[in-house]
Every structure is written in C-alpha cells, then in structure tokens.
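[1] What shape does this take:
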Amino acid sequence: MRNQIIILFFLVLMVACGGNETPRPRGFFRIALPEKAYIQFDSLHPYRFEHPVYSIVVPDTRDWAEPYWADIVFEDFNARLHLSYKQLSGRNELHRYLEDAHTFIHRHIPKATAIRDETFINEEDRVYGTLIRIRGREAASALQFWATDSLHHFLRGALYFNVTPDNDSLAPVIEFLEEDIRHLLFTLEWQDPQ
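    Next up, the predicted model:
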C-alpha cells in the first residue's frame, strides 16, 4: 500500500508539472505624466522661451560651462535638458558650431537604430533650427536640437536622463518631453544680453 501511495504521488507530481508555462514579460512602472502648462523663462540671457511648470531652469555650474549656459531640470523624470549658447561673430563660427552639433549627434550612431530630424523655421522671431530624435535602446541622448538666427545667436540643447540608457522603457517620457522641447523651440526669442 505504501508503495502504491508513493507511485501515485510521483504520477500526480509529473502530471502537475508538465504544463507549457511561459514566464511573464518584464514590466515597467507606470509613469504619471503631469498636465501641460508653461511659464516664461525671461532673464538676463540673450534668449527667452517658455518651459514647463514642472521644470526649473538653473545655471550650468560645471567647470567648463560658459556664460548663458543653463539646464532645464525635470526632477520628476530624473532628466535635464542641457542648453549651451554661443554668440556668433561671423558665418564661419556658425558653420563651426553646426559641425560641432552634427558631431555630437553622430557620436550616437553606434547605439542608434534611427535618427530623425525635423526642421523648424520661425521667420517672425528669426529662429531657425533642427530637432533631432535619436532612437535606440542605449542612445545616451534621445533628443537634441540646435537653433540660430544665422547672425548673432546659436543655442544647442541635449536631453539626458540620470539613469543607465534604456530608451525603450523611457519612451513615454521621451515622447512627453519631446512636446515640451518642441514648445520651447517655437517660443524661443533672441534678445540682447543685459
């Protein structure tokens, strides 16, 4: 009788474990996105724009930062948009800064699966530029832009997250912040530094 119970136990165990179970896919936390609203950044800088109310604009305090460099900090998303500004004194400088911007973008090519750019023109405020979306799971900066008036001003921006790049899981936040960066570009105006 005892042997029959042991055999029955092993038969039940073999039947119970014979399913085609598949593991659950890895999930990500739900990200709560705030309502869109903007405020004006208007300071002693040679540029002004509207930025989201859920961000703050702080001066760039790195050792190599130049005048009028700033960061737009998105604390809720652990991200910042680095802004670097250059005052132009001629067409050769514009060409050099555009080349630098393209060099920064091309550094992402090994990790990128696609690079898409969007040109924008605001004739009224003399703002011309390009917004670049870099797709790829491990691209360090998913969004970059440059803007200029072609004569006096050049502004470059790059979005970075303070986490190991995994742009697949960050995709909802990147798309959300892309709207904010696009809004910044369409509200960008040049002004003389004070």
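[2] any idea which element the residue most central in space within the chain lies in?
    Nearest residue to the geometric centre of the chain (C-alpha atoms, centre = their mean): residue 159, 3.5 Å. Residue 159 is located in strand 153-161, with elements delineated by DSSP states H and E.
[3] Which of the residues in whichever helix or strand comes after that strand are classified as buried?
    Counting by DSSP H and E, the next helix or strand C-terminal to strand 153-161 is helix 167-187. Going by neighbour count (16 or more other C-beta atoms under 10 Å), the buried part of helix 167-187 is 167, 170, 173-174, 176-178, 180-181, 183-185, 187. C-betas here are computed from N, CA, C, even on glycine.
[4] in the protein, which spans are helices?
    Counting by DSSP state H, the chain has helices at residues 2-16, 91-106, 167-187.
[5] Next one, pLDDT for residue 109 please.
    If you check residue 109, the pLDDT there is 68.
[6] got it, and residue 7?
    pLDDT at residue 7 comes out at 81.
[7] Quick check: it vs residue 62, distance?
    Residue 7 is 73 Å from residue 62, where distance means C-beta to C-beta, to the nearest Å.
[8] still on that earlier bit, which other helices and strands does the strand holding residue 159 contact?
    Using 3 or more C-beta pairs under 8 Å, 6 or more residues apart in numbering; DSSP states H and E as the contact test, the elements touching strand 153-161 are strand 79-87, helix 91-106, strand 143-148, helix 167-187.
[9] Turn these into JSON lines, including distance to residue 66 and mean pLDDT.
    Converted to JSON lines, the helices and strands packed on strand 153-161 look like this (distance: least, C-beta to C-beta, whole Å; pLDDT from 0 to 100):
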{"stretch": "strand 79-87", "distance to residue 66": "7", "mean pLDDT": "95"}
{"stretch": "helix 91-106", "distance to residue 66": "12", "mean pLDDT": "85"}
{"stretch": "strand 143-148", "distance to residue 66": "16", "mean pLDDT": "95"}
{"stretch": "helix 167-187", "distance to residue 66": "20", "mean pLDDT": "90"}
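[10] Not counting residues beside it along the chain, what's closest to residue 54?
    Once flanking residues are discounted, residue 54 sits nearest to residue 34: 4.8 Å by C-beta to C-beta, 6 or more residues apart in numbering.
[11] contacting residues for that neighbour?
    Going by C-beta atoms under 8 Å, 6 or more residues apart in numbering, residue 34 touches 52, 54, 76.
[12] Now the phi/psi pair for it, please.
    With angles defined as degrees, to the nearest 10, residue 34 sits at phi -80, psi 170.
[13] Name the strands paired with the strand holding residue 159 and say parallel or antiparallel.
    Its sheet considered, strand 153-161 pairs with strand 79-87 (antiparallel), strand 143-148 (antiparallel) by DSSP bridges.
[14] Output the helices of the chain in TSV, with distance to residue 80 appended to each entry.
    Putting the helices of the chain into TSV (distance: least, C-beta to C-beta, whole Å) gives the following:
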stretch	distance to residue 80
helix 2-16	53
helix 91-106	16
helix 167-187	10
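[15] So for residue 153, which of these sits nearest?
    Of all the helices of the chain, helix 91-106 sits nearest to residue 153, with 9.7 Å by C-beta to C-beta.
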